[in-house]
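Colleague: Give me a 3D structure for the following:
(one chain, ligands or ions: 2)
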Amino acid sequence: MALIVQKYGGTSVGSPDRIKNLARRVARFKALGHQIVVVVSAMSGETNRLINLAKEIMPEPDPRELDVMVATGEQVTIGLTSMALMELGLKAKSYTGAQVRIVTDNAHTKARILSIDEERIRADLNAGYVVVVAGFQGVDESGNITTLGRGGSDTTGVALAAALKADECQIYTDVDGVYTTDPRVVPEACRLKSITFEEMLELASQGSKVLQIRSVEFAGKYKVKLRVLSSFEEDGEGTLITFEDSENKDSNMEQPIISGIAFNRDEAKVMVLGVPDKPGIAYQILGPVADAKIDVDMIIQNMGADGTTDFTFTVHKNDMTKALGILNQVQGHIGAREIRGDDKIAKVSIVGVGMRSHVGIASQMFRTLAEEGINIQMISTSEIKIAVVIDEKYMELAVRVLHKAFELEEA
Ligand code: ASP
Ligand code: MG
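Modeller: Residues are numbered from 1 along each chain as shown. Ligands and ions are numbered 1, 2, ... in the order given. The predicted structure follows:
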């Protein structure tokens, strides 16, 4: 008997039939003697619908109020899912994030989980219930409803698995695993049987939408066994996230150098031009941005010339206006010549643990892009990743040629 947390995404609960289907799958696992916790997202499209609704009233919705209303999407699906399980003769009970005490900080719309009171869930499981928990939401210490950021149900699933010390956390989605890249962009993309946790973390942070990055961080921190599976297949092994390079890899097969390519249209570039080249400038620029809880991704500072330099960084597109506003306020103080934003950019990243032991990967990437006449605006690297910022309109082309250049069709 195992304790399994199963998380179902929006498409998997997108209609009553699909919810019934989900319930049948849960019933099969239950019949094998397992204890099951189900985490569900809102029905597909529902979160977007709610956000758009909010924007019709308030163009930049108040974060606390936005959380109160978008959290209702998941509240609908937990009730429906429990009912579907009951219709199959199972004992089921649903809980919102607040009911089950998923306590978060108070960073509305991107809250972080601080603690989960798993006692209640455990008691229900021991009493034979399937426990259905709303993904994406929690409650802060003062009782305000919070949400965990888009795709946050993954994090709820993994966090519950960690808190309950579950044997496996299964993420059911509309794809049957993690692919070398998005098959909608590259039809030749292949499913990976396994991928290391580090690679998955990079892919998620670089824009792969399969798993929310926080869920991967959580899985890494608590060593949660995580598997991505299709909710439309009866059986398929999906993609297992492993913790060692060698684990679960076919030892006869040479491991590919690059495991995957991620891309991301969600970032915007903020340029602070002509700032004095002296100590403290980076802090004066990014300090107020950080104080406004705006996440910064890539950062580039050019070499100084004539005592000034240019400072460029990327933020989420939604945060660009806010970041520009903050910088305009401190422009005089910093002594910057100009502050500019550009949201017509895309980031394309290649990821693979094989980079550690191979040279020339960056040059191969840059050559491939150069051959297509694609200009690279920014570059950042880690031990297992190379990311470039390019003009948004070349994004799909870049992904396709890189997929081919690194022979990922044969992965
Ligand atoms: N419903 C939320 C969203 O669309 C959370 C999730 O699906 O994971 O972002
Ligand atoms: Mg998702």
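Colleague: Skipping its backbone neighbours, what lies nearest residue 110 in space?
Modeller: Nearest non-adjacent residue to residue 110, counting by CB to CB, 6 or more residues apart in numbering: residue 149, 4.3 Å away. The C-beta positions use only the backbone N, C-alpha and C, and glycine is treated the same way.
Colleague: What ranges does the stretch 301-411 of the chain have for its helices?
Modeller: 320-334, 361-371, 395-405 (DSSP state H, counting those that start in this stretch).
Colleague: Sorry, slip of the keys, the one I care about is the stretch 151-300 of the chain.
Modeller: 153-163, 197-206, 213-222, 281-291.
Colleague: Pull up the residues of this protein that are close to ligand 2.
Modeller: 9, 151 (CB under 5 Å from the ion).
Colleague: so where's the chain shaky on pLDDT?
Modeller: 244-255, 411 (pLDDT under 70).
Colleague: about what we covered before: nearest to ligand 1, of the helices of the stretch 151-300 of the chain?
Modeller: Closest to ligand 1 of the helices of the stretch 151-300 of the chain is helix 153-163 (CB to the nearest ligand atom; 3.2 Å).
Colleague: any idea how far the residue of the chain found nearest ligand 2 is from residue 401?
Modeller: Nearest residue of the chain to ligand 2: residue 151, at 4.2 Å (CB to the ion). From residue 151 across to residue 401, the span is 28 Å (CB to CB, to the nearest Å).
Colleague: Neighbour count for those two, which is higher?
Modeller: More neighbours surround residue 151 than the other of residue 151 and residue 401, with 21 against 18 (other CB atoms under 10 Å).
Colleague: residues touching the more buried one, list them.
Modeller: Applying CB atoms under 8 Å, 6 or more residues apart in numbering to residue 151 gives the contacts 209, 211-212, 215.
Colleague: go on, residue 96?
Modeller: Counting by CB under 8 Å, 6+ apart, residue 96 touches 71, 74-75, 78, 134, 137.
Colleague: Give the residue farthest from the middle of the chain.
Modeller: Here the chain reaches farthest from its C-alpha mean at residue 306, the gap being 41.7 Å by CA atoms, centre = their mean.
Colleague: Spell out which parts of this protein neighbour ligand 1.
Modeller: 9-10, 41-42, 47, 73, 135-136, 150-154 (CB under 6 Å from any ligand atom).
Colleague: Of those - the most surrounded one?
Modeller: Neighbour-wise, the residues of the chain next to ligand 1 (other CB under 10 Å) top out at residue 135, 33 neighbours.
Colleague: That residue touches residue 156, doesn't it?
Modeller: Yes - between residue 135 and residue 156 there is a contact under CB atoms under 8 Å: 4.2 Å.
Colleague: Identify the contacts common to these two.
Modeller: Counting by CB under 8 Å, 6+ apart, the contacts common to residue 135 and residue 156 are 7, 39.
Colleague: ok, and what's touching stretch 266-285?
Modeller: By CB under 8 Å, 6+ apart, stretch 266-285 touches 207, 297-299, 301, 304, 307-317, 319-320, 323-324, 327, 330, 333-343, 345-347, 377-378, 389.
Colleague: Buried ones among these?
Modeller: Among the contacts of stretch 266-285, those classed as buried by 16 or more other CB atoms under 10 Å are 207, 297-298, 301, 308-317, 319-320, 323-324, 327, 330, 334, 336, 339, 342-343, 345-347, 377-378, 389.
Colleague: that older thread, hey, which of the helices of the stretch 301-411 of the chain is tucked in deepest?
Modeller: For those, average neighbour numbers computed from mean count of other CB atoms under 10 Å are highest in helix 395-405, which has a mean of 19.
Colleague: just checking, what packs against that one?
Modeller: Here helix 395-405 touches strand 260-264, strand 345-351, helix 361-371, going by 3 or more CB pairs under 8 Å, 6 or more residues apart in numbering; DSSP states H and E.
Colleague: What residue in the stretch 301-411 of the chain comes nearest to ligand 1?
Modeller: For the stretch 301-411 of the chain, CB to the nearest ligand atom, closest residue to ligand 1: residue 318, 13.5 Å.
Colleague: What is the burial count for that residue?
Modeller: Counted with other CB under 10 Å, residues neighbouring residue 318 total 13.
Colleague: re the thing from before, could you look over the helices of the stretch 151-300 of the chain and pick the most buried one?
Modeller: helix 153-163 (a mean of 28).
Colleague: packing partners for it?
Modeller: strand 3-8, strand 35-40, strand 113-116, strand 130-134, strand 168-173, helix 213-222.
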